[in-house]
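Q: quick one, what's the 3D model for this:
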Amino acid sequence: MKKSPGKNKTVDAVLPDIEDVRHMVRLLSWKHRVFLEDDAREHTCPIPKGQLNQLMAVRSILPCNLGRIMVVTGLTPPGASLFVNKLVKQGYLNRKDDPEDRRNVLISLTPKGEAVLREVDERLNQFVLRYLDTCSKEEWNAVVTAARIICRKLAN
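A: Now for the predicted structure:
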């Protein structure tokens, strides 16, 4: 019996070969980076590229506090503060006191921030669909099912 990585539970089966999953993660990361670089060259975005990348990274956890932003982005406390301050000043993020903990500050997207991300997402959707437009209905369903499983597991 082998132990699962990062868990204390014992599993009966041998750990699966995850090379294809690792390869998929690397390809997704690379293609996403390529999309963002090409998109920045082809479309004028009011948010500088670095800040847009960070905003895209944190949007799924918003509203949250500065500590959570640091965890997701890898920014230092001063870097995260600077990032948030700039986007608050430009009107893309809101900062307000947490009603449950007055020592905590919640950071959230403004409608202006949501609009910018929606525009980028529309272009990202087209980019992704160019790779998958030849999928059969069964392949598409398999991709969607796998994506939902992976997202559910990674969101924990």
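Q: how close does the spatially most central residue of the chain get to I69?
A: When Cα atoms, centre = their mean is applied to the chain, the residue found nearest the centroid is A57 (3.9 Å). Note on A57: its distance to I69, by Cβ to Cβ, to the nearest Å, is 9 Å. For the C-beta atoms, the positions are set from N, CA and C on the backbone; glycine is no exception.
Q: one more: D17?
A: D17 sits 35 Å away from I69, going by Cβ to Cβ.
Q: please say which of those two ends up with more neighbours.
A: Counted by other Cβ atoms under 10 Å, D17 and I69 do not tie: I69 has more neighbours, with 25 against 8.
Q: check which helix or strand covers that one.
A: Assignment of secondary structure by DSSP states H and E places I69 within helix 66-73.
Q: one more: L52?
A: helix 49-58.
Q: now the strands for the chain?
A: Applying DSSP state E to the chain gives strands spanning 2-3, 10-11, 93-98, 101-109.
Q: adding mean pLDDT, write these out as CSV.
A: Listed next are these as CSV, based on pLDDT from 0 to 100:
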stretch, mean pLDDT
strand 2-3, 47
strand 10-11, 50
strand 93-98, 88
strand 101-109, 87
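Q: closest one to L75 among these?
A: Closest approach to L75 among these (Cβ to Cβ): strand 101-109, 12.7 Å.
Q: residues of the closest one that come out buried?
A: In terms of neighbour count (16 or more other Cβ atoms under 10 Å), strand 101-109 has its buried residues at 106-107, 109.
Q: could you give the number of residues near the nearest residue to F35 once chain neighbours are set aside?
A: Computed as Cβ to Cβ, 6 or more residues apart in numbering, the closest residue to F35 that is not its neighbour in sequence is F127, at 4.8 Å. Close neighbours of F127, defined as other Cβ under 10 Å, add up to 16.
Q: next: T44.
A: 6.
Q: and what of the one 10 residues further on?
A: Counted by other Cβ under 10 Å, the residues lying close to Q54 total 22.
Q: try K89
A: By other Cβ under 10 Å, neighbour count at K89 equals 9.
Q: now it: how far from A147?
A: K89 is 36 Å from A147, where distance means Cβ to Cβ.
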